[in-house]
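In: Following is a predicted model, sequence given first.
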Protein chains: 2
Amino acid sequence: MARKPNTSSITIRDVARQAGVSVATVSRYINETARVSEPVGERIEEVLNRLQYRPHAAARQLATQKMLAIGLLLNSIYNDFFGPLLYGIEELVQQNGYNLLVATSRPERRKENYPALGPHNVDGLLVFADSLTDKELAGLHAQKLPMVLIHRSSPEGLDIPCVTVENKAATFHLIEHLIKQHGRKSIVFMRGKVDQEDSYWREIGYREALEANGLEFDPELMLPGDFQRDVAYLSMRDFLSRPKRRQIDAVFTGDDSAAIGVMEALEQSGLRVPQDVSVVGFNDSRHSAFLNPPLTTINAPTHEVGRIATKNLFNQITNHPVDSVTLLPTEIIIRQSCGCTS
Amino acid sequence: MARKPNTSSITIRDVARQAGVSVATVSRYINETARVSEPVGERIEEVLNRLQYRPHAAARQLATQKMLAIGLLLNSIYNDFFGPLLYGIEELVQQNGYNLLVATSRPERRKENYPALGPHNVDGLLVFADSLTDKELAGLHAQKLPMVLIHRSSPEGLDIPCVTVENKAATFHLIEHLIKQHGRKSIVFMRGKVDQEDSYWREIGYREALEANGLEFDPELMLPGDFQRDVAYLSMRDFLSRPKRRQIDAVFTGDDSAAIGVMEALEQSGLRVPQDVSVVGFNDSRHSAFLNPPLTTINAPTHEVGRIATKNLFNQITNHPVDSVTLLPTEIIIRQSCGCTS
DNA sequence: TGGGATAATGTAAACGGTTTCAGTGTTTTC
DNA sequence: GAAAACACTGAAACCGTTTACATTATCCCA
């Protein structure tokens, strides 16, 4: 039996009664799922407005088995990167009349052994980077939940569409720029977490650039950065204070926020950017052109990534064809933190 | 009758059947809402795992009349400001085992004549600034939807708790700083939209500071800025190109992003910051210390705002007492864009 | 040993919608 | 003018849970 005396909210039955028709007719009128005669329509409309009726989302979901919601799984929220991403996503979600459910999710520390968003929740899922394990992805895939991966490729076998940006070539060229234009030879590489694919490809680009220019790869110069300002700061400071550390003349920070942390640490130990050490970022945040010095970085169309990923997700939901891999172009933005003067 | 042959997803009935018990027992076991004997519990647990059963959220919501979700209504997403805000919110929402629904909502242009998030959707609502009209607020309030207002005060009469930051005094002191320390006399004030309360109070602070220092208020110096970089840029550029415009020596931009736009425009017309014109921001974005020149601004604890608002919302949902107004302190951060040299 | 309390479970009625199917009139069509 | 098509509408099943109430078995104690 029901619990509360009554939820006090007006239901479709109230509307039906007051309009003198059946609930079926009201439902049809609201959803325009069948014609309703003029006079009846008007009566319903009137009652609808008078009662300020709003359909109960859950009831509707239960009946239609459509959630009218899509989920976004993030591994963190605290990065300038997510502003543009979210913007692109929300825009399209709204346009399609869906709701957006946002959750952070870090596989390593999760009480429940399953993610907060799934088929019972949402009609489709946007999965950012490593917010879900391969196994979890496989599970959701088996349940036929439409998904799109962002900044991460599909696990072997299950062919989940993904959209990401070109990392390797851009990094290669930027590193080469540091070497060739500025004669840098000891270039620190800040990496993300092990599972971070962006980080992986950038590292490949970095290594290949070193090799192509006759520089040796030095594990000592690989520092954790996590694409976060604070982590990068600490990491850099720690490195700089090592008693017998190698001299460095450049840092690839992997992210513009991280670049700020790095510059902070550098400054504090009396090193000048870019005279003593070049610093370059990634992502081209909206303020990077106004940093001191203006940050040389790589522009990634994050807003576009969000838009396209969402579009692909909706295509999937509506059974339209979807590109299995979308790789958006990146572009090197030369400013002054690398040592260029223009 | 039902539509699809079957949703293929496993329901509580499947679990019940396979465990040889009734659905009621399974439900009780899952929700720990009543004791279940040891052997039965074990059988259920086993089936649960084997079938990977996940309760259908909508069904549960319908039955319990709890949505286990809270909504966040924003008027825009494209501002660095929302990163920290969202972070504070999401953190607490997750902790409480709720979901977060995010929607943008601009009353002026909305197809439906009602907001996307409401009692049928969420158990509570975080309403940012002017994303809802007074009338809409009143409507939701009448339906007893728990709400907390962020950066906005409650409309007359309905006493909806709000959390915001101190605007007036901080602005007053910062403007006074420009006047007294740097001898500025023609200070542009960039305002937000008319309904923006932050903007309102800052303007009061601005006017009072002028008056307290014998400067006359000049409507010509009120420029639209909208707390957005691009708007601010255009606005400033437009002003600077007016044929017979007044000389200016300072700009209060209302937002750090906007400050970037202003500096951009200033630079382009050959004005130096801070030598020719002081520029000050608001909010103290994470990167403002590293701009060129480092931005003098006002620190607002945005992350805290998000946290506290959410906490208050949950208190309301659980019928705990809630402060009706929370005003968080702000702090002037003197850097160099005002003309200070340290 | 009988009877009331207690514990564990089952039955079935909600929750608020959608949709199938059937049933009315009203038109067409031949 | 009867049959067939059409346009609306209503009754009721169903979506997958929760939970009030009923039922049964077990226990405790006078």
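Out: On my side now, so go ahead.

In: got the residue ranges for the strands in chain A?
Out: A:69-74, A:99-104, A:124-128, A:147-150, A:162-165, A:187-191, A:222-224, A:250-252, A:278-280, A:297-299, A:325-328, A:331-333 (DSSP state E).

In: Report how many residues lie close to the residue of the stretch 101-250 of chain A found nearest chain B.
Out: Minimum separation of the stretch 101-250 of chain A from chain B (C-beta to the nearest C-beta) falls at A:His120, amounting to 4.7 Å. Where C-beta positions appear, they are placed from N, C-alpha and C, glycine not excepted. Close neighbours of A:His120, defined as other C-beta atoms under 10 Å in any protein chain shown, add up to 17.

In: Contacts only, for it.
Out: Residues near A:His120 by C-beta atoms under 8 Å, 6 or more residues apart in numbering or on different chains: B:9, B:54-58.

In: among those residues, which ones are buried?
Out: For these, a burial check counting by 16 or more other C-beta atoms under 10 Å in any protein chain shown picks out B:56-58.

In: hmm, back to that, include mean neighbour count and mean pLDDT when you put the strands of chain A into JSON lines, please.
Out: Listed next are the strands of chain A as JSON lines, based on neighbours: other C-beta atoms under 10 Å in any protein chain shown; pLDDT from 0 to 100:
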{"stretch": "strand A:69-74", "mean neighbour count": "26", "mean pLDDT": "94"}
{"stretch": "strand A:99-104", "mean neighbour count": "23", "mean pLDDT": "91"}
{"stretch": "strand A:124-128", "mean neighbour count": "26", "mean pLDDT": "96"}
{"stretch": "strand A:147-150", "mean neighbour count": "25", "mean pLDDT": "98"}
{"stretch": "strand A:162-165", "mean neighbour count": "23", "mean pLDDT": "97"}
{"stretch": "strand A:187-191", "mean neighbour count": "24", "mean pLDDT": "96"}
{"stretch": "strand A:222-224", "mean neighbour count": "18", "mean pLDDT": "96"}
{"stretch": "strand A:250-252", "mean neighbour count": "30", "mean pLDDT": "98"}
{"stretch": "strand A:278-280", "mean neighbour count": "28", "mean pLDDT": "97"}
{"stretch": "strand A:297-299", "mean neighbour count": "24", "mean pLDDT": "98"}
{"stretch": "strand A:325-328", "mean neighbour count": "14", "mean pLDDT": "97"}
{"stretch": "strand A:331-333", "mean neighbour count": "16", "mean pLDDT": "97"}
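
In: what about those, which gets the closest to B:Leu140?
Out: Nearest to B:Leu140, of all these, is strand A:99-104, at 16.7 Å by C-beta to C-beta.

In: From the chain's centroid, how far away is stretch A:131-141?
Out: Offset of stretch A:131-141 from its chain centre (C-alpha atoms, centre = their mean, to the nearest Å): 17 Å.

In: Do you know the pLDDT at the closest residue to DNA strand D within the stretch 101-250 of chain A?
Out: Residue nearest to DNA strand D within the stretch 101-250 of chain A (C-beta to the nearest atom of the strand): A:His120, separated by 7.0 Å. pLDDT recorded at A:His120 is 83.

In: What is the burial count for A:Glu91?
Out: For A:Glu91, the neighbour count with other C-beta under 10 Å is 17.

In: oh, I was asking about A:Ile10
Out: For A:Ile10, the count of nearby residues is 18 (other C-beta under 10 Å).

In: isn't it right up against A:Gln52?
Out: Yes: if you go by C-beta atoms under 8 Å, A:Ile10 and A:Gln52 touch, sitting 7.5 Å apart.

In: tell me the pLDDT at A:Asn6?
Out: Taking A:Asn6 on its own, its pLDDT is 36.

In: out of everything not next to it in sequence, what's closest to A:Leu178?
Out: A:Arg184 (4.3 Å; C-beta to C-beta, 6 or more residues apart in numbering or on different chains).

In: The one you found and DNA strand C: what is the separation?
Out: A:Arg184 sits at a distance of 63 Å from DNA strand C (criterion: C-beta to the nearest atom of the strand, to the nearest Å).

In: What of A:Ser27?
Out: Counting by C-beta to the nearest atom of the strand, the gap from A:Ser27 to DNA strand C is 3 Å.

In: Return the residues in contact with the residue most central in space within chain A.
Out: With distances taken as C-alpha atoms, centre = their mean, A:Phe128 lies nearest the centre of chain A, 4.8 Å away. With contact set as C-beta under 8 Å, 6+ apart, A:Phe128 has these partners: A:72-75, A:85, A:150-152.

In: next one: A:Val148
Out: Taking C-beta under 8 Å, 6+ apart, one finds A:124-127, A:160-163, A:309-310, A:312-313, A:316, A:322 in contact with A:Val148.

In: Then A:His182?
Out: Per C-beta under 8 Å, 6+ apart, neighbours of A:His182: A:250, A:274, A:278, A:338-340.

In: make it 6 Å
Out: By C-beta atoms under 6 Å, 6 or more residues apart in numbering or on different chains, the contact set of A:His182 is A:278, A:339.

In: With A:Asn213 as the reference, measure out to it.
Out: 12 Å (C-beta to C-beta, to the nearest Å).

In: picking up where we left off before, wait, the residue nearest to A:Leu178 sits on A:Glu176?
Out: No: at 10.1 Å, A:Arg184 does not count as touching A:Glu176 under the criterion of C-beta atoms under 6 Å.

In: between those two, who's got more neighbours?
Out: A:Arg184 (23 against 16).

In: mind checking pLDDT for the more buried one?
Out: Looking at A:Arg184, its pLDDT stands at 97.

In: residues touching it, list them.
Out: Neighbouring residues of A:Arg184 by C-beta under 6 Å, 6+ apart: A:178, A:249-250, A:278.

In: ok so, going back, columns distance to B:Asn99 on top of the strands of chain A, output as JSON lines?
Out: Formatted as JSON lines, those follow (distance: least, C-beta to C-beta, whole Å):
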{"stretch": "strand A:69-74", "distance to B:Asn99": "9"}
{"stretch": "strand A:99-104", "distance to B:Asn99": "6"}
{"stretch": "strand A:124-128", "distance to B:Asn99": "13"}
{"stretch": "strand A:147-150", "distance to B:Asn99": "18"}
{"stretch": "strand A:162-165", "distance to B:Asn99": "24"}
{"stretch": "strand A:187-191", "distance to B:Asn99": "33"}
{"stretch": "strand A:222-224", "distance to B:Asn99": "32"}
{"stretch": "strand A:250-252", "distance to B:Asn99": "38"}
{"stretch": "strand A:278-280", "distance to B:Asn99": "39"}
{"stretch": "strand A:297-299", "distance to B:Asn99": "34"}
{"stretch": "strand A:325-328", "distance to B:Asn99": "28"}
{"stretch": "strand A:331-333", "distance to B:Asn99": "37"}
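
In: Noted, bye for now.
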